[in-house]
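Trainee: Sequence first, then the predicted structure, then my questions.
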Amino acid sequence: MIDYAKLKKSLQHLEWQWANHERARYRPELTDLDREGIAESVIQRFETCYDTLWKEIKRYLIEENGLADVPNSPKPILKLAGQNDLLPSPVEQWLLYADARTNTTHDYSGDKAAATLLIVRDFIDDAIGVYQTMSGSPWE
């Protein structure tokens, strides 16, 4: 039995920080630096959650689906997950998440960060769907 506690925690933290980011626009007391810090935290939590998720998908494919030859990198694993009906949205959407993760590795400013922030809400919804499918538990 796979323990999904780490995935759940990283996804919850991303969800909470995303909500904080969304509320920040209605908080006039925040400085631009405050808002930038919150946005950077969202991106860091996205990275952590994404990395945790693809590794848990790999583990699921091996332990629950019995696949023997599972690659050790995100994009091929996401493609396998799509072929095994684990993804709630098309694999192409997941490859966009993978590209966003790669693009923000060392750059949280400018266009790459803005592009990542545009997909975070969709990623959260999709990641919750994968969590529910793999764990068999509802999202709380």
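Mentor: Yep, that arrived.
Trainee: going forward, measure contacts between C-alpha atoms and count neighbours the same way
Mentor: Noted.
Trainee: any idea how far Asn84 is from Tyr4?
Mentor: Computed as C-alpha to C-alpha, to the nearest Å, the Asn84 to Tyr4 distance reads 19 Å.
Trainee: Which of these two has more residues huddled nearby?
Mentor: The residue with more neighbours, out of Asn84 and Tyr4, is Tyr4; 15 against 11, by other C-alpha atoms under 10 Å.
Trainee: Excluding residues flanking it in the chain, which one is nearest the more buried one?
Mentor: Spatial nearest neighbour of Tyr4, excluding adjacent residues (C-alpha to C-alpha, 6 or more residues apart in numbering): Ser135 at 6.8 Å.
Trainee: Number of residues surrounding the one you found?
Mentor: Neighbourhood size, Ser135 [other C-alpha under 10 Å]: 17.
Trainee: Also Glu47?
Mentor: Using other C-alpha under 10 Å, Glu47 has 21 other residues around it.
Trainee: Does it touch Ala98 like I think?
Mentor: No. Using C-alpha atoms under 8 Å, Glu47 is not in contact with Ala98; the gap is 9.5 Å.
Trainee: For Val120, give me the pLDDT.
Mentor: Note on Val120: pLDDT of 97.
Trainee: Quickly find the element holding the residue nearest in space to the middle of the chain.
Mentor: The geometric centre of the chain, computed from its C-alpha atoms, lies nearest to Tyr50 (C-alpha atoms, centre = their mean), at 3.6 Å. According to DSSP states H and E, Tyr50 maps onto helix 32-63.
Trainee: next one: phi and psi at the residue of the chain positioned farthest from its centre?
Mentor: Within the chain, the residue lying farthest from the chain centre (C-alpha atoms, centre = their mean) is Glu29, at 29.6 Å. Backbone torsions of Glu29, given as degrees, to the nearest 10, read phi -70, psi -10.
Trainee: So what's the residue count around the nearest residue to Ala68 once chain neighbours are set aside?
Mentor: Take Ala68 and drop its neighbours on the chain: the residue closest to it by C-alpha to C-alpha, 6+ apart is Ile62, 6.2 Å away. By the criterion of other C-alpha under 10 Å, Ile62 has 14 neighbours.
Trainee: Next one: Ile62 relative to Leu80, how far apart?
Mentor: 11 Å.
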